[in-house]
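**Q** heads up, no residue letters with this:
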Ligand SMILES: Cc1cc2nc3c(=O)[nH]c(=O)nc-3n(C[C@H](O)[C@H](O)[C@H](O)COP(=O)(O)OP(=O)(O)OC[C@H]3O[C@@H](n4cnc5c(N)ncnc54)[C@H](O)[C@@H]3O)c2cc1C
């Protein structure tokens with residue numbers, strides 16, 4: 001593979017490279033930071049992402065009257081055959097620990113008399129939806145995680161840095177090329193481990209309510225055809241767009 005020549009000062013080496021600063025990227029970076037140096041590359045401001053705009057709450061089986069198995073059953077029923085049961089199993093089983101960890105990292109969910117407020121919505125058979133400041137759940141996730149990441153000594157945040165391609169050597173991803181915005185200076189990030197957390201596929205569609213930041217550049221772009229064929233029923237529908 002031919003890769004462009006990048007001046008040596010613009011080549012940066014880390015133990016881990018994470019691309020994207022929504023909930024997925026920030027959560028991954030905070031976990032990896034205990035094991036080595038992390039570059040967190042993100043194309044816009046740190047908090048500009050879909051996570052910031054998510055209004056609904058987080059469904060999780062945290063109540064004493066609830067179990068991950070009940071949560072999975074309700075989810076599969078509501079999915080009417082479109083859900084991947086293995087993915088639902090992971091989501092519902094790991095949900096309680098992930099939410100506990102969000103709280104440990106500083107996220108503040110709505111509480112009444114000290115207890116988490118659990119709402120019952122849509123197809124859920126019991127009260128298991130957590131919110132933060134009503135409909136600002138995504139904003140609160142992003143606030144808490146970005147604050148933690150910003151002060152972590154092992155995490156280097158490179159905002160306004162656009163990944164343009166993955167670096168692949170002998171079939172193995174070893175980092176990415178990027179442009180510093182807005183001047184377009186070329187940069188290269190080299191790391192033995194790269195995590196793409198660049199968001200969803202909403203921008204495949206002409207009309208979507210999802211943010212413009214996940215733009216399918218780099219590696220994600222390669223999946224475009226397959227994504228259009230397989231995911232049509234579910235993508236670009238949160239919340240609905242006409
Ligand atoms: C209005 C709205 C309401 C929603 N409501 C809900 C809800 O009620 N419940 C729910 O579960 N979900 C909801 N969602 C969906 C939810 O927000 C997303 O599923 C979730 O936030 C995705 O997180 P993420 O970290 O994967 O991606 P994102 O938060 O989108 O983050 C993607 C990151 O990748 C970066 N990036 C992308 N391309 C590049 C590149 N080439 N170079 C560098 N960086 C790049 C972006 O800058 C961004 O930081 C809603 C979304 C919206 C927009």
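**A** The structure has been received and is ready for your questions. Worth saying up front: this structure is predicted, and the values here are computed from it rather than measured.
**Q** Can you show me the strands along the protein?
**A** Assignment of strands within the chain using DSSP state E yields the ranges 11-13, 16-19, 38-41, 58-59, 111-112, 115-116, 129-130, 155-158, 161-169, 172-180, 185-190, 193-196.
**Q** Show me what the first one is packed up against.
**A** This means strand 11-13. Judged by 3 or more Cβ pairs under 8 Å, 6 or more residues apart in numbering; DSSP states H and E, strand 11-13 is in contact with strand 185-190. In short, each C-beta sits where N, CA and C put it, glycine included.
**Q** for the strand it packs on, which positions count as buried?
**A** The neighbour-count check on strand 185-190 (16 or more other Cβ atoms under 10 Å) flags 187, 188, 189, 190 as buried.
**Q** Please work out the angle formed by the directions of that strand and strand 161-169.
**A** 50 degrees (axes from the mean of the first three to the mean of the last three Cα atoms, to 10 degrees).
**Q** per the record, what domains does this protein have?
**A** Under the assignment automatic domain parsing, the domains of the chain span 8-54+136-242, 56-135.
**Q** now this structure, which segments are flagged as low pLDDT?
**A** 1-3, 209, 213-242 (pLDDT under 70).
**Q** quick one, longest helix in it?
**A** Across the chain, the longest stretch assigned as helix under DSSP state H is helix 85-104.
**Q** Mind checking if that helix is in reach of the ligand?
**A** No: applying Cβ under 6 Å from any ligand atom, one finds helix 85-104 out of contact with the ligand, separated by at least 10.1 Å.
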